[in-house]
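K.L.:
Got a sequence here, can you build the structure:
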Amino acid sequence: QVRLQESGPGLVKPSQTLSLTCTVSNDSITTEYFYWMWVRLPPGKQLELIGYISYSGGVYYRPSLQMRTAISRDTSKNHFTLELSSVTPEDTAIYYCARVPQASGALDAWGQGTQVTVSS
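P.N.:
Residues are numbered from 1 along each chain as shown. Next up, the predicted model:
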């Protein structure tokens, strides 16, 4: 069974860059045809897609976050990373990484989530 685990700092100062890593076990991030996604749940709001990287390395970013987002991967370590620059308190959320099969378009596995707070 695939396992995803988020890691990274829980507190980031405004204007800095938020960096998170998702380490995947029991599956390869190059396995066809899966997408490896970052989503977040801000307090009092709905789950929000940040972006994803595909099995082939293609990326997609939420348009409203595109200018501040970078998703990359290290296939040798079987992990993918999120960088969100110029953060503000509005970026405070629980961040999740997840796997999405291309066939269904629905999340079929996700990590436990990590709380990230943006505060000085």
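K.L.:
ok, the residue nearest to Gln102 when sequence neighbours are not counted - how many residues close by?
P.N.:
With CB to CB, 6 or more residues apart in numbering as the measure, Tyr33 is the residue that lies nearest to Gln102, at 3.9 Å, once sequence neighbours are left out. Where C-beta positions appear, they are placed from N, C-alpha and C, glycine not excepted. With neighbours defined by other CB atoms under 10 Å, the count for Tyr33 comes to 11.
K.L.:
Over to Ala93?
P.N.:
22.
K.L.:
give me phi/psi at it?
P.N.:
Torsion angles at Ala93 (phi, psi; degrees, to the nearest 10) stand at phi -170, psi 170.
K.L.:
Per-residue pLDDT of His3, please?
P.N.:
Not His; residue 3 is Arg. The score at Arg3 is 97. That number is its pLDDT.
K.L.:
hang on, it packs against Asn78?
P.N.:
No: taking contacts as CB atoms under 8 Å, Arg3 lies outside contact range of Asn78: 11.0 Å.
K.L.:
Give me the common contacts of the two.
P.N.:
Val24, Ser25 (CB atoms under 8 Å, 6 or more residues apart in numbering).
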